[in-house]
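Asks: Sequence below, structure please.
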Amino acid sequence: MRRWLPQLFRQRPAETDESGLMLRIRENTDEIECGRTQGPFRVVVRSMGEVVSRVLAVGGTLRFGSGPEADVRIADPTVSALHCELIARQDGVLVRDLGSRNGVLLGNGKIEEALLRDGRGEILIGRSTLSIGARSEPKGEGDLGIVGASRAMEEVRDKVRNFGRLRAPVLILGESGTGKDVVARAIYRASELKGPYVATNVAALADTLIDAELFGHARGAFTGAVSARAGAFQLADQGLLFLDEIAELSPGGQAKLLRVVEDGKVRPVGSEREIQVNARTVFATCADLDGKMKRGEFRHDLFHRISILTIELPPLRRRPSDIPLLARHYLDQKANELGPRILSSETLEFLSAQKWPGNVRQLFASIYAACASTPNEVLLPPHFQLKGAEAPRSPLDPAAARRLLEEHGSLSAAARAAQVPRTTFRSLVARSGAR
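Replies: Next up, the predicted model:
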């Protein structure tokens, strides 16, 4: 799709006589109540496995479609020649259907026009998605491969950049599933090393094979060693070696690893000759190393040698604001396999409210399972069957939601009375058939 997108796009003055415009949905009518925004806005187009970003200044217009008259041309056969347009205003972004054959989907319904008063939203046109947000939002979306805009992840990124200029070992600490391997790869990118990135999970190695896997072996070193083989340290020469689950290394393996980290020399199994290697080392564990050292299960000298530089990753429950970014990032990565999917605002609130004991790994697995469970392009909370996470609240009956709305007179007041998010309550009212 990139070759279809023009180097420059036209921007026309936005209409100014619609400041009181309300969201007009073909099935029902509602209003988006959000804070005012000043722009500029960022529009991310996701289509056919491609991701393209455009900036929309206040007062400008972008038209999307598959035809030559579109400002942003999308090679999607389900997108009309002129499908929709976005108009950036001081009070938000106006989304308008330009008479497309498949319509424009926002939330749970098709729209003719919608004003996103906070300048944020995600719409579906054909099989392609348009994500609209503040221009500053790219911060935290994949910088160095680390996704997250929370302060905690900004601090992680700052450490990765700073540590990238150094050559001392790095120890990454964090619960299982927090992305320690992602941070290790980010350190490799920041280090600008000439050699390869090599990753080895120490816990997956049998005790009898650890020496050979890490340090290599000579020909004839043991039965089956018909030829010499390089170990992980040799393979990572001039590059980076990531040793995960380092706390599971045996006492003998710890002693040998300490020697390699200190002098950079390895001795392959069955060889009398030491080999000089120059591999930067990054270690990771989810174990309590302090406790292991107190119990004599992990060497103090090795700990002090590999923890010169330390990065501690926060669990996902301590950075819920990153969950929408992570979820969209994962769907972008899996677009070719899972197809275009939209996470409704209700779904993002639902996902952000979970504790995620399995952290990012569990979040991604849950999204994959939800996509596998339904052909619907819009993912809703009922599509997620979470294991080990907090169960969602008992769903409010749509008819009961309608009665609450009639009783309280406004969506906000009724949603507060029901103790559910306003977007969730609005969706329930729409399903009840209220207009």
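
Asks: per-residue pLDDT, G252?
Replies: Per-residue confidence at G252 stands at 87 (pLDDT).

Asks: helices or strands up against the helix or strand harbouring it?
Replies: Using DSSP states H and E, the secondary-structure element containing G252 is helix 251-263. In terms of contacts (3 or more Cβ pairs under 8 Å, 6 or more residues apart in numbering; DSSP states H and E), helix 251-263 is packed against helix 210-215, helix 300-306. (Glycine included, C-beta is placed from N, CA and C.)

Asks: Least confident of the ones you listed, on average?
Replies: By mean pLDDT, the lowest-scoring of those turns out to be helix 210-215, with a mean of 84.

Asks: next one: it to chain centre, how far?
Replies: Its chain's average C-alpha position is 34 Å from that of helix 210-215, according to Cα atoms, centre = their mean, to the nearest Å.

Asks: again with stretch 360-370
Replies: For stretch 360-370, the distance between its averaged C-alpha position and the chain's averaged C-alpha position is 11 Å (Cα atoms, centre = their mean).

Asks: quick one: buried residues of it?
Replies: Of all the residues in stretch 360-370, those buried under the rule 16 or more other Cβ atoms under 10 Å are V360, Q362, L363, F364, S366, I367, A370.

Asks: Which helix or which strand is home to the residue most central in space within the chain?
Replies: For the chain, the residue sitting closest to the mean C-alpha position, by Cα atoms, centre = their mean, is L326 at 2.3 Å. Secondary structure assigned from DSSP H and E places L326 in helix 323-333.

Asks: Nearest to R89, out of the helices and strands packed on helix 251-263?
Replies: helix 300-306 (54.4 Å; Cβ to Cβ).

Asks: helices and strands around the closest one, which ones?
Replies: With contacts defined as 3+ Cβ pairs under 8 Å, 6+ apart, the packing partners of helix 300-306 are helix 251-263, helix 289-294.

Asks: Adding distance to A400 and mean neighbour count, write those out as JSON lines.
Replies: Below are the helices and strands packed on helix 300-306 laid out as JSON lines (distance: least, Cβ to Cβ, whole Å; neighbours: other Cβ atoms under 10 Å):
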{"stretch": "helix 251-263", "distance to A400": "61", "mean neighbour count": "15"}
{"stretch": "helix 289-294", "distance to A400": "50", "mean neighbour count": "14"}
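
Asks: which of those has the lowest average pLDDT?
Replies: Among these, helix 251-263 carries the lowest mean pLDDT, at a mean of 91.

Asks: what separates it from the chain centre, distance-wise?
Replies: For helix 251-263, the separation from the chain centroid amounts to 36 Å (computed by Cα atoms, centre = their mean).

Asks: ok, and what's touching it?
Replies: Judged by Cβ atoms under 8 Å, 6 or more residues apart in numbering, the contacts made with helix 251-263 from elsewhere in the structure are 169, 202, 207, 210-211, 214-215, 233, 243, 249, 265-266, 277, 281, 298-299, 301-302, 305-306.

Asks: Give me the mean pLDDT for the helix or strand where Q234 lies.
Replies: Element membership for Q234 (DSSP H and E) is helix 232-235. Confidence over helix 232-235 (mean pLDDT, whole number) is 91.

Asks: then whichever helix or strand comes after it to PDB, C-alphas only?
Replies: For helix 232-235, the following helix or strand on the C-terminal side (DSSP H and E) is strand 240-244. Taking Å, rounded to 0.1, in the frame of the first residue of the first chain, the C-alpha atoms of strand 240-244 are listed here in PDB:
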ATOM      1  CA  LEU A 240      25.100  -9.800  22.100                       C
ATOM      2  CA  LEU A 241      24.400 -13.000  24.100                       C
ATOM      3  CA  PHE A 242      21.100 -13.000  26.000                       C
ATOM      4  CA  LEU A 243      21.000 -15.600  28.800                       C
ATOM      5  CA  ASP A 244      17.400 -16.000  30.100                       C
END
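
Asks: which residue packs closest to Q276, ignoring adjacent ones?
Replies: If the residues on either side of it in the chain are set aside, Q276 comes closest to K265, at 5.6 Å by Cβ to Cβ, 6 or more residues apart in numbering.

Asks: Also I323?
Replies: Across the structure, with Cβ to Cβ, 6+ apart as the measure, the residue nearest I323 apart from its sequence neighbours is S352 (4.6 Å).

Asks: who does the helix or strand that comes right after the helix holding L326 touch, helix- and strand-wise?
Replies: Using DSSP H and E, the helix or strand that follows helix 323-333 in sequence is helix 335-338. When contacts are defined as 3+ Cβ pairs under 8 Å, 6+ apart, helix 335-338 packs onto helix 359-373.

Asks: and the helix it packs on with helix 323-333, angle?
Replies: 50 degrees (axes from the mean of the first three to the mean of the last three Cα atoms, to 10 degrees).

Asks: Which strands or helices does helix 359-373 pack on?
Replies: Contacts defined by 3+ Cβ pairs under 8 Å, 6+ apart place helix 359-373 against helix 323-333, helix 335-338, strand 378-379.

Asks: can these go into JSON lines with extra columns for mean pLDDT and distance to A400?
Replies: Shown next, in JSON lines, are these (pLDDT from 0 to 100; distance: least, Cβ to Cβ, whole Å):
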{"stretch": "helix 323-333", "mean pLDDT": "88", "distance to A400": "28"}
{"stretch": "helix 335-338", "mean pLDDT": "81", "distance to A400": "34"}
{"stretch": "strand 378-379", "mean pLDDT": "86", "distance to A400": "23"}
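
Asks: Take those and lay them out in CSV including distance to L62.
Replies: CSV is the format used below for the helices and strands packed on helix 359-373 (distance: least, Cβ to Cβ, whole Å):
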stretch, distance to L62
helix 323-333, 20
helix 335-338, 21
strand 378-379, 23
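
Asks: picking that back up, could you list every helix and strand in contact with the helix holding Q234?
Replies: Under the contact criterion of 3+ Cβ pairs under 8 Å, 6+ apart, the helices and strands touching helix 232-235 comprise strand 197-201, helix 210-215, strand 240-244.

Asks: on that earlier part again, okay, the helices and strands packed on helix 251-263, which one's buried deepest?
Replies: helix 210-215 (a mean of 22; mean count of other Cβ atoms under 10 Å).

Asks: list the contacts for the residue of the chain most remote from its centre?
Replies: Here the chain has its C-alpha centre computed as a mean, and the residue farthest from that point, by Cα atoms, centre = their mean, is E272 with 47.6 Å. For E272, no residue counts as a contact, taking Cβ under 8 Å, 6+ apart as the criterion.

Asks: That one in helix, strand or coil?
Replies: Look at E272: counting by DSSP: H, G, I helix; E, B strand; the rest coil, its state is coil.

Asks: Could I get the pLDDT score of it?
Replies: As predicted, E272 sits at a pLDDT of 76.
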